[in-house]
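Novice: Quick one, structure for this:
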Amino acid sequence: MKKFTALLMTLTLTAALLAGCGQNASTDEGKTPEDGSKPSSKETSAWPEKPIEVIIPYSPGGDTDFNARAYTEYLSEELGVPVVASNVTGSSGTIASRQVKDADPDGYSVLFSHTVMNVNEMVGIADFGMDDFEIACIAAASPGELITVRSDLGVKNLDELKAYTEAHPGELDLAIDFGTMVNINGLQMQEAGIDVNLITAGSASERVAALAGGHCDIIINAYGSVKDYLTTGEFVALGTTSTKPTEALGDIPTCKEQGYDIALDKYYFFAFPKGTPAEIVEKFSDAVKTVSEKPEYQESIKTAYAQEPFYASTEEGLGLMQEAKDVIWSFEDQMAG
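Specialist: Numbering: from 1, shown residues only. Below you'll find the predicted structure:
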């Protein structure tokens, strides 16, 4: 009788354990050990059902902020929910990137950044890179940063700038933000024989203020941040860092056209946390493509930053980003020094 009772208790306990496992399996549906919680297929098909936050790694008023916000209003219309832009600054964009990287892969946190992520990874500001995200698409391309000086320096092109530095070695300061693309451009200038000292001066707006105030001699900034000074004649643009000329910039030549290998293409992209369902990423990317074709969007980016519309799918975009990454990583030794 005791043996029978013990056997009965054992069978009851086993059944309870099996029921519990089945319940856990049901509860954990849609989760993976590596990625944590993931939306179910039902949730994925219904996406989006609430506001989407686009995280911008830089302060309001710069080119990255402008390009993100140029999209968000139209994306709200396309996706049927508010698409809200938030600025999360610090560590050359790394704080914002990490916030999105570590967010739930449910499609409601999106990063809007650019090629600088490759620089952050190379110099060790970030311990992650492009491979740690689901890249939705390339949404915009810069016409190139402008190598800009005050007009009282008396130079109008790169040949004249180089000649000036040869006559005044060690005199000119180029304001940069360490660990960014303009840092790479500064190293390219030095390699091209233009004798400049690299000094850290912070964000794009801070560099403009430094140049206007006489605290540096050269900056490398997006067109939108210096266009008013170019219009008044206070600043002079010597060349752009794009690999290709841009019609919207008028007669400002590329550095390459002037015979100087100072070039690094800047692509802006949307990216989701790793593990975000492909259906969500694709739906968002399709909405971005639709917006990029709107005449009103195209006019806004041309007026503000002399940009032409540009869109590239995930696969094509990753190829373009790899080309830029190869250029960036060729300066690994100099950045480490």
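Novice: C-terminal to the helix or strand hosting residue 77, what's the next element?
Specialist: Per DSSP states H and E, residue 77 falls inside helix 63-79. Next along the chain after helix 63-79, taking DSSP H and E as the criterion, comes strand 83-87.
Novice: List the buried residues in that following strand.
Specialist: Neighbour counts over strand 83-87 (16 or more other Cβ atoms under 10 Å) mark 83, 85, 87 as buried. The way it works is simple: take the backbone N, C-alpha and C, and place the C-beta from them, glycine included.
Novice: Let me see the contact set for residue 212.
Specialist: Neighbour list for residue 212: 150, 229, 234, 235 [criterion: Cβ atoms under 8 Å, 6 or more residues apart in numbering].
Novice: Please enumerate the helices of this structure.
Specialist: Secondary structure of the chain by DSSP state H: the helices cover 2-27, 41-46, 63-79, 94-101, 116-123, 158-167, 181-191, 204-212, 223-232, 278-292, 295-305, 314-329, 332-336.
Novice: Out of the ones you listed, the one nearest residue 261 is which?
Specialist: helix 181-191 (6.5 Å; Cβ to Cβ).
Novice: Helix 116-123 and the closest one, what's the angle between them?
Specialist: Here helix 181-191 runs at an angle of 70 degrees relative to helix 116-123 (axes from the mean of the first three to the mean of the last three Cα atoms, to 10 degrees).
Novice: Extract the C-alpha set from helix 181-191 and format it as CSV.
Specialist: Taking Å, rounded to 0.1, in the frame of the first residue of the first chain, the C-alpha atoms of helix 181-191 are listed here in CSV:
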residue,chain,number,x,y,z
MET,A,181,34.5,62.1,-39.3
VAL,A,182,36.0,65.6,-39.3
ASN,A,183,38.8,64.1,-37.2
ILE,A,184,39.5,61.7,-40.1
ASN,A,185,39.3,64.6,-42.6
GLY,A,186,41.8,66.5,-40.5
LEU,A,187,44.3,63.6,-40.7
GLN,A,188,43.7,63.5,-44.4
MET,A,189,44.6,67.2,-44.7
GLN,A,190,47.9,66.5,-42.8
GLU,A,191,48.7,63.6,-45.1
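Novice: which residues are contacting it?
Specialist: Residues from elsewhere that reach helix 181-191 (Cβ under 8 Å, 6+ apart): 114-116, 119, 145, 147, 174, 176-177, 196, 198, 207, 219-221, 241, 260-264, 266, 327-328, 331, 334-335.
Novice: Tell me the buried residues within the contacts of residue 212.
Specialist: For the contacts of residue 212, a neighbour count by 16+ other Cβ under 10 Å gives the buried set as 150, 229, 235.
Novice: isn't the last one right up against residue 227?
Specialist: The reference is to residue 235. No: shown here, residue 235 and residue 227 do not form a contact pair, counting by Cβ atoms under 8 Å, at 9.1 Å.
Novice: which other helices and strands contact the longest strand along the chain?
Specialist: Scanning the chain for the longest strand, with DSSP state E as the assignment, gives strand 133-141. Counting contacts by 3 or more Cβ pairs under 8 Å, 6 or more residues apart in numbering; DSSP states H and E, strand 133-141 packs against helix 63-79, strand 109-114, strand 267-273, helix 278-292, helix 314-329.
Novice: Report the buried members of the contacts of helix 181-191.
Specialist: Buried residues within the contacts of helix 181-191, counting neighbours by 16+ other Cβ under 10 Å: 114-116, 119, 145, 147, 174, 176-177, 196, 198, 207, 219-221, 241, 260, 262-264, 266, 327-328, 331, 335.
Novice: got a list of what the closest residue to residue 301 other than its chain neighbours touches?
Specialist: Spatial nearest neighbour of residue 301, excluding adjacent residues (Cβ to Cβ, 6 or more residues apart in numbering): residue 307 at 4.2 Å. When contacts are counted by Cβ under 8 Å, 6+ apart, residue 307 touches 67, 140, 141, 142, 143, 246, 248, 301.
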